[in-house]
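>>> got a predicted model here, sequence first, then my questions.
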Amino acid sequence: MVTIEEAFSILKNALPNPKVAQVVLEKASKHILAEDLYAPISMPPFRQSAMDGFALGLYEGVEYEIVGEIKAGDAHQVELQAGQAVKIFTGAPVPDSASAVIQIEKVTVNGTKLQLEAPPKQGVNIRPIGEQNLKGELILEKGTLLNAACIGFLAGLGLTHVQVYQKPSVGILVTGNELVAPGLPLSYGKIYESNSVMLAIALQESFFGNATIYKVDDDFENTKIKIAQALDENEVILISGGISVGDYDFVAKALEALEVETLFYKVKQKPGKPLFAGKYNDKMVFALPGNPAASLTCFYVYVLPSLKIISGFTTDFGQTVSKKLTHNFTVSNARNQFLKGYIQGDEVTVLSHQNSSMLNTFSISNGLVYVEDGGYELAKGDVVEVFVI
């Protein structure tokens with residue numbers, strides 16, 4: 001058995017390095033950029049009108065002659081003399097001979113005659129070349145988490161592909177003769193299987209895509225075959241249940257038979273003591289406890305940080321925030337404990353139903369309150385460390 005800190009250290013040293021791949025821009029969202037990006041063009045690439053109005057060949061008067069029109073996308077150049085104007089629309093190219101754009105609300109038009117309320121300032125309502133960025137300028141740094149704004153920004157510069165750190169494919173293997181799929185009749189001694197969909201959704205919510213789900217009965221040969229298949233088809237596999245030492249728990253034996261390296265087995269914590277972490281070449285294996293709340297706790301504390309590190313995120317294990325307790329709480333436990341909690345502002349409330357098999361309060365939890373082992377009292381207002389989920 002290892003401590004929580006030892007488990008963190010072992011995982012950190014064992015995780016494979018992030019892999020780089022070139023992807024189309026549309027598939028780059030929520031990935032970490034693996035290169036510094038430099039602008040291929042200036043943006044805007046031409047003097048651009050900031051609004052609908054009139055581009056002016058400035059002079060001292062307030063009356064202008066309208067000599068044409070420029071729409072967004074037009075490529076023709078107009079040579080304006082002093083006292084001349086062209087109607088122009090937002091985003092359209094402003095002629096080099098124009099010194100200002102006056103918004104349409106501040107003029108009066110009578111045929112080809114334009115009357116201004118007052119002379120505008122030089123350069124007003126004209127976006128200069130490179131106002132956003134100049135060609136060759138560093139626009140996004142390596143390590144940036146790409147979001148919708150990043151993707152739109154890069155697309156606006158004409159980019160179609162970027163180098164990102166790959167996210168690992170994940171397989172979820174669920175074991176247990178007692179498990180029945182939701183929607184089917186529930187006979188005596190059976191329970192509905194929830195861990196696979198729970199873990200799959202947790203992965204999706206964390207932007208790790210769609211996991212492949214495998215199911216197997218409590219049988220050694222079938223368990224070994226399914227684990228081998230999952231290892232062949234994925235870079236990270238999560239195994240739910242079957243890791244304990246009961247007569248019908250075959251996961252540990254199957255992993256040993258497949259020569260999966262054991263990094264650690266059992267962590268001094270509650271819930272989630274029977275957690276296994278292993279490695280098969282550059283692939284990671286996590287065997288999670290079968291109890292749903294214990295399984296999800298181990299996912300957030302160990303699996304999710306591992307996935308993020310493999311995917312190039314600048315994160316680490318054991319990252320917490322400090323919050324004040326909203327109530328008194330008695331700690332009485334032989335192991336360090338992760339307690340389902342609800343964070344609101346700078347405070348946190350420890351919720352009820354902390355049993356490792358119970359998800360009802362986990363469903364409203366947004367943090368795991370970490371308390372060290374022992375028997376002691378925490379008072380309202382005491383500061384505790386919380387894993388944000």
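On my side now, so go ahead. Note that the coordinates shown come from a computational prediction; the quantities given were computed from them, not determined experimentally.

>>> quick one: the helices in the chain?
Secondary structure of the chain by DSSP state H: the helices cover 4-14, 148-156, 195-205, 220-233, 251-257, 292-298, 304-310.

>>> elements contacting the first one?
Judged by 3 or more Cβ pairs under 8 Å, 6 or more residues apart in numbering; DSSP states H and E, helix 4-14 is in contact with strand 261-265, strand 276-280, helix 304-310. Bear in mind the C-beta positions are built from the backbone N, C-alpha and C, glycine included.

>>> kindly report the same for the second one.
In this structure, helix 148-156 packs against strand 138-140, with contacts taken as 3+ Cβ pairs under 8 Å, 6+ apart.

>>> now do the buried residues in the strand it packs on.
Buried residues in strand 138-140, counted by 16 or more other Cβ atoms under 10 Å: 139, 140.

>>> now that strand, how far from the centre of its chain.
20 Å (Cα atoms, centre = their mean, to the nearest Å).

>>> partner strands of it and their direction?
strand 37-38 (antiparallel) (DSSP bridges).

>>> can you list contacts of the strand it pairs with?
For strand 37-38, the surrounding residues in contact (Cβ atoms under 8 Å, 6 or more residues apart in numbering) are 136, 137, 138, 139, 140, 141, 154, 159, 162.

>>> and the first one, what does it touch?
When contacts are counted by Cβ under 8 Å, 6+ apart, residue 136 touches 38, 39.

>>> try the last one
Shown in contact with residue 162 (Cβ under 8 Å, 6+ apart): 22, 23, 25, 28, 33, 35, 37, 146, 154.

>>> also the fifth one?
Under the criterion of Cβ under 8 Å, 6+ apart, the contact partners of residue 140 comprise 33, 36, 37, 150, 153, 154.

>>> okay if I get those residues as TSV plus pLDDT?
TSV is the format used below for these (pLDDT from 0 to 100):
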residue	pLDDT
33	98
36	98
37	98
150	98
153	98
154	98
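
>>> biggest separation within those residues, which pair?
Using Cβ to Cβ, the contacts of residue 140 span at most 14.6 Å, a distance reached by 36 and 153.

>>> neighbours of residue 44, how many?
Applying other Cβ atoms under 10 Å, we find 19 other residues in the vicinity of residue 44.

>>> so it touches residue 131, yeah?
Yes - in this structure, residue 44 is within contact of residue 131 by Cβ atoms under 8 Å, at 6.4 Å.

>>> which intervals of this protein have sub-threshold pLDDT?
244-248 (pLDDT under 70).

>>> picking that back up, how about a markdown table for the helices of the chain, with distance to residue 105 added?
Shown next, in a markdown table, are the helices of the chain (distance: least, Cβ to Cβ, whole Å):
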| stretch | distance to residue 105 |
| --- | --- |
| helix 4-14 | 60 |
| helix 148-156 | 28 |
| helix 195-205 | 46 |
| helix 220-233 | 62 |
| helix 251-257 | 72 |
| helix 292-298 | 57 |
| helix 304-310 | 50 |
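
>>> go through those helices and pick out the most buried.
Highest mean neighbour count of the helices of the chain: helix 292-298, a mean of 25 (counted as mean count of other Cβ atoms under 10 Å).

>>> now do the contacts for residue 216.
Counting by Cβ under 8 Å, 6+ apart, residue 216 has contacts 173, 174, 175, 222, 223, 225, 226.

>>> what about it, distance to residue 179?
10 Å (Cβ to Cβ, to the nearest Å).

>>> so for residue 270, which of the helices of the chain sits nearest?
helix 292-298 (8.5 Å).

>>> need the contacts of residue 162 in JSON lines (columns: distance to residue 62).
Formatted as JSON lines, these follow (distance: Cβ to Cβ, whole Å):
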{"residue": "22", "distance to residue 62": "56"}
{"residue": "23", "distance to residue 62": "55"}
{"residue": "25", "distance to residue 62": "47"}
{"residue": "28", "distance to residue 62": "51"}
{"residue": "33", "distance to residue 62": "51"}
{"residue": "35", "distance to residue 62": "52"}
{"residue": "37", "distance to residue 62": "46"}
{"residue": "146", "distance to residue 62": "49"}
{"residue": "154", "distance to residue 62": "43"}
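
>>> residue 384: which of those residues is nearest?
For the contacts of residue 162, the nearest to residue 384 is residue 146 (34.1 Å; Cβ to Cβ).

>>> what is the burial count for that closest one?
Neighbours of residue 146 (other Cβ under 10 Å): 20.

>>> show me what contacts it?
Contacts of residue 146 by Cβ under 8 Å, 6+ apart are 28, 29, 30, 31, 32, 33, 162, 164.

>>> who wins for neighbours among the residues you listed?
residue 164 (25 neighbours).

>>> could you find the closest non-adjacent residue to that residue?
Leaving aside its chain neighbours, residue 164 sits nearest to residue 31 (3.8 Å; criterion: Cβ to Cβ, 6 or more residues apart in numbering).

>>> cool, and residue 118?
residue 62 (6.9 Å).

>>> quick check: the one you found touching residue 120?
No - counting by Cβ under 8 Å, residue 62 stays clear of residue 120, with 9.8 Å between them.

>>> from residue 308, how far off is the closest residue to residue 277 other than its chain neighbours?
Using Cβ to Cβ, 6+ apart and skipping the chain neighbours, the partner closest in space to residue 277 is residue 263 (4.3 Å). Counting by Cβ to Cβ, the gap from residue 263 to residue 308 is 18 Å.

>>> swap in residue 324?
According to Cβ to Cβ, residue 324 stands 28 Å off from residue 308.

>>> what do you get for residue 92?
Look at residue 92 and residue 308: by Cβ to Cβ, they are 45 Å apart.

>>> same question for residue 138.
Residue 138 is 25 Å from residue 308, by Cβ to Cβ.

>>> now residue 144
In terms of Cβ to Cβ, residue 144 sits 15 Å off from residue 308.

>>> and residue 342, by the same measure?
Residue 342 is 24 Å from residue 308, by Cβ to Cβ.

>>> circling back: of the contacts of residue 162, closest to residue 110?
Looking across the contacts of residue 162 and measuring by Cβ to Cβ, the closest to residue 110 is residue 154, at 45.7 Å.
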